[in-house]
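my questions concern the predicted model and sequence given below.
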Amino acid sequence: MGKLDKVMLDERLKQISKYNAKIYNWHKTVCNTSELYFEPESEDDIVKIIELAKKNKRNVRAIGMLHSPSDLPFSDGYIISMKKLNRVIEVDVDLEAKTVTVEAGIEITQLNEELSKHGLALSNLCAISDLTIGGAISTATHGTGINFGCLSAQIKSLTLFTDSRGKMHCSETMNSDIFKAALCSLGALGIITQVTIQCETAFLLEANQTPAKLDHILDNLDSIVHSAEHVRFWWFPHTDDCITWKANRTNKKPSPQKLSYINDTLFGFHLLQLILYLSRFRSSIVPKINQLIFSFKFSKPIHFIDDSYKVFCFDCLFSQYVNEWAIPIEKAKYAIRDLKRWVETSEVSAHYPVEIRFVDQDDIWLSPSYGRKAHTMFRSELEKAYPKFQSFIELQKQLDPTGLFLNPYLKRHLFGENVDVKNLKSKL
Ligand SMILES: Cc1cc2nc3c(=O)[nH]c(=O)nc-3n(C[C@H](O)[C@H](O)[C@H](O)COP(=O)(O)OP(=O)(O)OC[C@H]3O[C@@H](n4cnc5c(N)ncnc54)[C@H](O)[C@@H]3O)c2cc1C
């Protein structure tokens, strides 16, 4: 089939494609061989790829940096890497506007640097910046701050290439239903090529990280969550130890965090990676590792002031298994106490950290913060938890009547199908 397809590609598509490209997610837990892999450089290229996929009855998916821990981005047909659609189109520094329009494949690292040159910044960010803005908003990626929404909530408008209605501009006032669905679409509605993002004047953040006890945090959760603009805490399972991290906008002089080779690279990266790897063969040492790391690296307060994006984002070190839940804030302390009890009474060995962050609610149809419901569910649970789930499914069918943008993950989770994944290898 590959050879036959190759003959059918025009000159332009040949230039930007590869056959049977093997791609892995960031965690190296899932890998996928797609029939055709494309690196388009323009919207015209995207149109050609969509037409080819329709003609050959293949599924097509956009990918960003493949940081999703599952097979969500993968396709049994064609893959569109957005890495070359990464240009800044317009920066509007006008006091009223403060927006930037970019292609969806831009990495957040590059976006932060471009904005900084124009005296602008994003109001809130996720933990890492080597994601694309398209991937981040397709999954409602979030940072922390009880009065700050997820990254999708910062989007003013976007351009979406669909099957049934072609190129669409969407915003609060134009195709507003599609806009609310596309702001967390899991790639199921089409390909997002451009977004306009609301920014603010560049700012410094003052961060304070302090050790604390879990009971103290949970007993005072409401006041702690509101005690700074951005608050998160890490709990070290099998212990009562936590760190709280708080950050506020400031006009004080910058005093960046000083990292040392011995503490942060030699021990904090290489040795830590080695002992965590060894703990896979002897999980009984995990509680000890958590205690040691806390005493060695986190038991003293840390204070620093730096550009907002350097404070929001940090190095997540090495490949790791991640599990994320969204819990309504009023239930958070009960859920965390139950989790602690379960860790103490079961055979499980849980690595640090359990990270707890806070996100404002929004009205994005499939966002975990819509009505503050929970995540990681299958269709029957999703229908109950997400009030707009059925509307999303109906819209998906209208915009994509032949299922061009669906993949095994979406068929399993959104449509409840039992899909056999032939071209996917998972180590999980
Ligand atoms: C180390 C690490 C730290 C992380 N930290 C955070 C965090 O702090 N907060 C958080 O919420 N999440 C976090 N995540 C999860 C991450 O934000 C999401 O997985 C995000 O989707 C990754 O972006 P990406 O560019 O890698 O997208 P991919 O993983 O490549 O794609 C994600 C989804 O978006 C779709 N997609 C991508 N681009 C487009 C496009 N242009 N048009 C249409 N659909 C598209 C894909 O088809 C796929 O369904 C983290 C992940 C890792 C590995």
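Received it, and whenever you're ready, just let me know what you need. Residues are numbered from 1 along each chain as shown.

show me what contacts the residue sitting nearest the centre point of the chain?
Centroid-nearest residue in the chain, with C-alpha atoms, centre = their mean: T141, separated by 3.9 Å. By C-beta atoms under 8 Å, 6 or more residues apart in numbering, the contact list for T141 reads C126, L131, G135, C150, L151, S152. Heads up, the C-betas are built off the backbone N, CA and C, glycines and all.

out of those residues, the closest to P301 would be?
Distance to P301, by C-beta to C-beta, is smallest for C126 among the contacts of T141, at 24.4 Å.

which strand or helix spans that closest one?
Counting by DSSP states H and E, there is no helix or strand that carries C126.

one more: Y309?
helix 308-312.

in which helix or strand does E114 reside?
helix 108-117.

who's in contact with whichever helix or strand comes after that helix?
For helix 108-117, the following helix or strand on the C-terminal side (DSSP H and E) is strand 120-121. With C-beta under 8 Å, 6+ apart as the test, strand 120-121 has contacts from 91, 93, 98, 100, 112, 115, 199-203, 307-309.

from the residues you listed, which has minimum pLDDT?
By pLDDT, V93 ranks lowest within the contacts of strand 120-121, coming in at 92.

skipping adjacent residues, who's closest to it in space?
Spatial nearest neighbour of V93, chain neighbours left out: H118 (5.4 Å); criterion: C-beta to C-beta, 6 or more residues apart in numbering.

E206 too?
With C-beta to C-beta, 6+ apart, the residue lying closest to E206 is T250, at 4.1 Å.

does the closest residue to V195 other than its chain neighbours count as helix, strand or coil?
Counting by C-beta to C-beta, 6+ apart, the nearest residue to V195 once its immediate chain neighbours are dropped is L158, at 4.6 Å. Using DSSP: H, G, I helix; E, B strand; the rest coil, the structure places L158 in strand.

okay, and the beta partners of L158?
For L158, the beta-bridge partners under DSSP bridges are C170, V195.

likewise for N32?
Using DSSP bridges, the bridge partners assigned to N32 are I23, L424.

isn't it right up against I23?
Yes - between N32 and I23 there is a contact at 5.6 Å, judged by C-beta atoms under 8 Å.

overlap in contacts, these two.
With C-beta under 8 Å, 6+ apart as the test, N32 and I23 both reach F74, I79.

quick one: which of the two has more around it?
Neighbours per residue (other C-beta atoms under 10 Å) separate N32 from I23, with N32 holding more: 26 against 17.

do you know the pLDDT at that one?
88.

distance of it relative to the ligand?
11 Å (C-beta to the nearest ligand atom, to the nearest Å).

which stretches of the stretch 51-200 of the chain form strands?
Taking DSSP state E, counting those that start in this stretch to define them, one finds strands in the stretch 51-200 of the chain at 60-63, 78-81, 88-92, 99-103, 120-121, 155-161, 167-171, 191-198, 200-201.

contacts for the longest one next, please.
Okay, so that is strand 191-198. So strand 191-198 is in contact with 43, 46, 50, 60, 62, 80, 85, 89, 98-104, 122-123, 133-134, 137-138, 154-161, 171, 182, 185, 405, going by C-beta under 8 Å, 6+ apart.

which of those are buried? Put it as a ChimeraX command.
To isolate the buried subset of those in ChimeraX, counting by 16 or more other C-beta atoms under 10 Å, use the following:
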select :43,46,50,60,62,80,85,98,99,100,101,102,103,104,122,123,133,134,137,138,154,155,156,157,158,159,160,161,182,185,405
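
check the contacts of strand 191-198 one by one and keep those near the ligand.
A62, A104, G134, S138 (C-beta under 6 Å from any ligand atom).

surely the second one is in contact with T132?
Okay, so that is A104. Yes - assessed by C-beta under 8 Å, A104 is found in contact with T132 at 6.5 Å.

name the element the residue lying closest to A207 once chain neighbours are set aside belongs to?
Of all residues not flanking A207 in the chain, A247 sits nearest, at 4.4 Å (C-beta to C-beta, 6+ apart). Using DSSP H and E, A247 sits in strand 241-250.

what's the first helix or strand after that strand?
helix 272-279.

could I have the CA atoms of stretch 184-203 written out in CSV?
Extracted in CSV, the C-alpha atoms of stretch 184-203 (Å, rounded to 0.1, in the frame of the first residue of the first chain):
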residue,chain,number,x,y,z
CYS,A,184,-10.1,21.2,24.1
SER,A,185,-10.8,19.0,21.1
LEU,A,186,-8.2,16.2,21.5
GLY,A,187,-7.6,16.7,17.7
ALA,A,188,-11.1,15.3,16.9
LEU,A,189,-12.5,18.3,15.0
GLY,A,190,-9.7,19.0,12.6
ILE,A,191,-6.3,20.8,12.4
ILE,A,192,-5.8,24.0,14.2
THR,A,193,-3.3,26.1,12.2
GLN,A,194,-3.3,29.5,14.0
VAL,A,195,-4.3,31.0,17.3
THR,A,196,-4.5,34.5,18.8
ILE,A,197,-3.6,34.5,22.5
GLN,A,198,-4.4,37.1,25.1
CYS,A,199,-1.2,38.2,26.8
GLU,A,200,-0.3,40.7,29.5
THR,A,201,2.6,43.1,30.1
ALA,A,202,5.7,41.1,30.9
PHE,A,203,6.1,40.6,34.6
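
and that stretch, which residues are buried?
By neighbour count on 16+ other C-beta under 10 Å, the buried set for stretch 184-203 is 184-197, 199, 202-203.

same check, this time on stretch 105-120
Buried-residue list, stretch 105-120, by 16+ other C-beta under 10 Å: G105, I106, E107, I108, Q110, L111, N112, E114, L115, L120.
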